[in-house]
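A.B. asks: sequence and computational prediction follow.
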Protein chains: 2
Amino acid sequence: MYKAIIFDMYGTIFDMRSLTNGLDQFEEQQADSIANLWRQTQLNHMFLKQIMQCYVPFEDLTKDALRYALDEHEVQYNDEDIHQLFEAFLNLQYFRELPRVFSDIKAKNIDIGVLSNANDSMLMPLVDHSEIGGYIDTVMSVNEVKQYKPSYASYALILKYYQLKRDEILFVSANSWDVTGAASFGFDTVWINRQHSNFDFNGQTPTITVNSLNELVKWLEMQYK
Amino acid sequence: MYKAIIFDMYGTIFDMRSLTNGLDQFEEQQADSIANLWRQTQLNHMFLKQIMQCYVPFEDLTKDALRYALDEHEVQYNDEDIHQLFEAFLNLQYFRELPRVFSDIKAKNIDIGVLSNANDSMLMPLVDHSEIGGYIDTVMSVNEVKQYKPSYASYALILKYYQLKRDEILFVSANSWDVTGAASFGFDTVWINRQHSNFDFNGQTPTITVNSLNELVKWLEMQYK
């Protein structure tokens, strides 16, 4: 059925709650608040830059978002602080159901790819330094087309790497906007809903919704019976 | 100097805090929370639809955003409720320094325009039913080009209506993303910073920052001396 499963990185494979691990000089509540605003601003800036067609590498965008998050929390900083705090994004933890999930998927002869808005300097440390790297066949960064997700040009990158029909590809994300974009482009989609939230409907619904990547594997097993 | 001043509507001329006036069946704290999530979701959906090039009239988008905000607050509703709550957007209050500010600008022989992401069914009730309508020379809706702000195509609509050079136009918004878009397009910009916030820098800075529209008039008076 599906010949390749493409995963989003941030929030889907890597747990964004672990961003606070790199903010350990702040007290817990403040670290949470900074991390939340940092991530929210990063996404917001990314969407706006895509609309204005002002692409910059995700690392630069992420550092600008960090500056704003620190300003809003009235934290003083210099360039060295930004450099050091930014590393929190290079040391995110993957969800613990991986690498088991990837191993199960590979056992079904399904290819595993990643499509991320991050550029290589942010993406490769996560892939290379984690146990899951060995399972990922194709790492795709939108930096190659300089169009962020959820633009169609970004999802079209998958079809450049995989000579497959759209319905042979399953796209997996924990981010509703990413599911919406991939579904709108024409892929079957999986929404990973770990927090039992409402899907933020914006024109498309996911093909299936699961509460964990383990559930995704169970669903695949039913499809392949 | 400037021959036309173009204003954003929501948050710039009309006070978004007055959105809760139309949510009076909820207790105050819940009304605030619903209104905030409604507005935030409306903007988020708009940005994403612009990226995916899936334009829908702002009224439809606003109603979908309302449904999500109500879902998140575990409020039950039917179509009639959506229709009725939506009217909150048609009854927003303008900031009280208007119409005096518009009168002062007109006295300098400067044209006043509005550029909004709202379609006419949302825009015209606000313009027509308020005292400020008489001061606005040109009401521009992005519905004409079906490209939301901050796309360049949306700001280019201003140049279609006004046969002016870009530097003869001043663009005014309380929304940092809108200031960024207009500045990126090439207009001089004014950021109305009523809450004494940090400007959410995303590649551009406003030409001037003022704390109210009254201050904008004072600044104009200095320019025209």
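C.D. replies: Looks like it came in fine. Numbering: from 1, shown residues only, chains lettered A, B, ... in the order given.
A.B. asks: what count of nearby residues applies to the closest residue to A:G203 other than its chain neighbours?
C.D. replies: Using C-beta to C-beta, 6 or more residues apart in numbering or on different chains and skipping the chain neighbours, the partner closest in space to A:G203 is B:C54 (5.8 Å). All C-beta atoms are positioned from the backbone trio N, CA, C, and that covers glycine. By the criterion of other C-beta atoms under 10 Å in any protein chain shown, B:C54 has 18 neighbours.
A.B. asks: these two touch, right, B:C54 and A:G181?
C.D. replies: No. Taking C-beta atoms under 8 Å as the definition, B:C54 is not a contact partner of A:G181, at 9.7 Å.
A.B. asks: write out the residues of chain A neighbouring chain B.
C.D. replies: For chain A, the residues in contact with chain B (C-beta under 8 Å from any C-beta of the partner chain) are A:41, A:44-45, A:47-54, A:56, A:64, A:67-68, A:71-72, A:148, A:150-152, A:177, A:180-181, A:184, A:198, A:200-203.
A.B. asks: please pick the buried ones from the residues you listed.
C.D. replies: Among those, those classed as buried by 16 or more other C-beta atoms under 10 Å in any protein chain shown are A:41, A:44-45, A:47-52, A:54, A:56, A:64, A:67-68, A:71-72, A:148, A:150-152, A:177, A:180-181, A:184, A:200, A:202-203.
A.B. asks: among the residues you listed, which ones are in helices?
C.D. replies: Of these, the ones assigned to helices by DSSP state H are A:41, A:44-45, A:47-52, A:64, A:67-68, A:71-72, A:152, A:177, A:180-181, A:184.
A.B. asks: tell me the domain ranges of chain A?
C.D. replies: A:4-14+A:95-223, A:17-90 (automatic domain parsing).
A.B. asks: and those as JSON lines, adding mean pLDDT and distance to B:Y161?
C.D. replies: JSON lines is the format used below for the domains of chain A (pLDDT from 0 to 100; distance: least, C-beta to C-beta, whole Å):
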{"stretch": "domain A:4-14+A:95-223", "mean pLDDT": "96", "distance to B:Y161": "29"}
{"stretch": "domain A:17-90", "mean pLDDT": "97", "distance to B:Y161": "21"}
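A.B. asks: how about those domains, which one is nearest B:W219?
C.D. replies: domain A:17-90 (24.4 Å; C-beta to C-beta).
A.B. asks: gap between A:Y135 and A:S116?
C.D. replies: 16 Å (C-beta to C-beta, to the nearest Å).
A.B. asks: neighbour count for those two, which is higher?
C.D. replies: A direct count of neighbours by other C-beta under 10 Å for A:Y135 and A:S116 places A:S116 higher, at 25 against 15.
A.B. asks: wait, is A:W191 part of a strand?
C.D. replies: Yes. Counting by DSSP: H, G, I helix; E, B strand; the rest coil, A:W191 is found in a strand.
A.B. asks: mind listing what the nearest residue to it once chain neighbours are set aside touches?
C.D. replies: Among residues not flanking A:W191 along the chain, A:P206 sits closest, at 3.8 Å (C-beta to C-beta, 6+ apart). By C-beta atoms under 8 Å, 6 or more residues apart in numbering or on different chains, A:P206 lies in contact with A:V179, A:A183, A:T189, A:V190, A:W191, A:F199.
A.B. asks: now with 6 Å?
C.D. replies: A:V179, A:T189, A:W191 (C-beta atoms under 6 Å, 6 or more residues apart in numbering or on different chains).
A.B. asks: for the last one, name its beta-bridge partners.
C.D. replies: Spelled out, that is A:W191. Judged by DSSP bridges, the bridge partners of A:W191 are A:S173, A:T209.
A.B. asks: where do the helices sit along chain A?
C.D. replies: A:28-52, A:58-72, A:79-86, A:100-107, A:120-128, A:152-161, A:176-185, A:213-223.
A.B. asks: centre of the chain to the fifth one, how far?
C.D. replies: On the basis of C-alpha atoms, centre = their mean, to the nearest Å, the separation between the geometric centre of helix A:120-128 and that of its chain is 12 Å.
A.B. asks: for it, list every residue counted as buried.
C.D. replies: A:D120, A:M122, A:L123, A:P125, A:L126, A:V127.
A.B. asks: cool, and the last one?
C.D. replies: Neighbour counts using 16+ other C-beta under 10 Å place A:L213, A:E215, A:L216, A:V217, A:L220 of helix A:213-223 among the buried residues.
A.B. asks: do the same with the fourth one
C.D. replies: For helix A:100-107, burial by neighbour count (16+ other C-beta under 10 Å) applies to A:V101, A:F102, A:D104, A:I105, A:K106.
A.B. asks: what is the nearest of the residues you listed to B:F14?
C.D. replies: The nearest member of these to B:F14, counting by C-beta to C-beta, is A:V101 at 48.8 Å.
A.B. asks: thought that closest one was touching A:S212?
C.D. replies: No. Using C-beta atoms under 6 Å as the test, A:V101 is too far from A:S212 to be in contact (8.7 Å).
A.B. asks: for chain B, state which of the buried residues of helix A:213-223 is nearest.
C.D. replies: A:E215 (22.2 Å; C-beta to the nearest C-beta).
A.B. asks: and the gap between the closest one and A:F171?
C.D. replies: Taking C-beta to C-beta, one finds A:E215 at 16 Å from A:F171.
A.B. asks: can you list the residues that contact stretch A:120-137?
C.D. replies: Here stretch A:120-137 has contacts from A:58-59, A:89-90, A:94, A:98-99, A:102, A:106, A:111-112, A:114, A:116, A:139, A:141, using C-beta under 6 Å, 6+ apart.
A.B. asks: show the buried residues in these.
C.D. replies: Applying 16+ other C-beta under 10 Å to the contacts of stretch A:120-137 flags A:58-59, A:89, A:94, A:98-99, A:102, A:106, A:111-112, A:114, A:116, A:139, A:141 as buried.
A.B. asks: now for those residues: which two are most distant?
C.D. replies: Pairwise distances across these (C-beta to C-beta) peak at 30.1 Å, for the pair A:E59 and A:K106.
A.B. asks: what number of residues lie near the closest residue to A:Y10 other than its chain neighbours?
C.D. replies: Once flanking residues are discounted, A:Y10 sits nearest to A:M16: 6.1 Å by C-beta to C-beta, 6+ apart. The tally of other residues near A:M16 (other C-beta under 10 Å) stands at 18.
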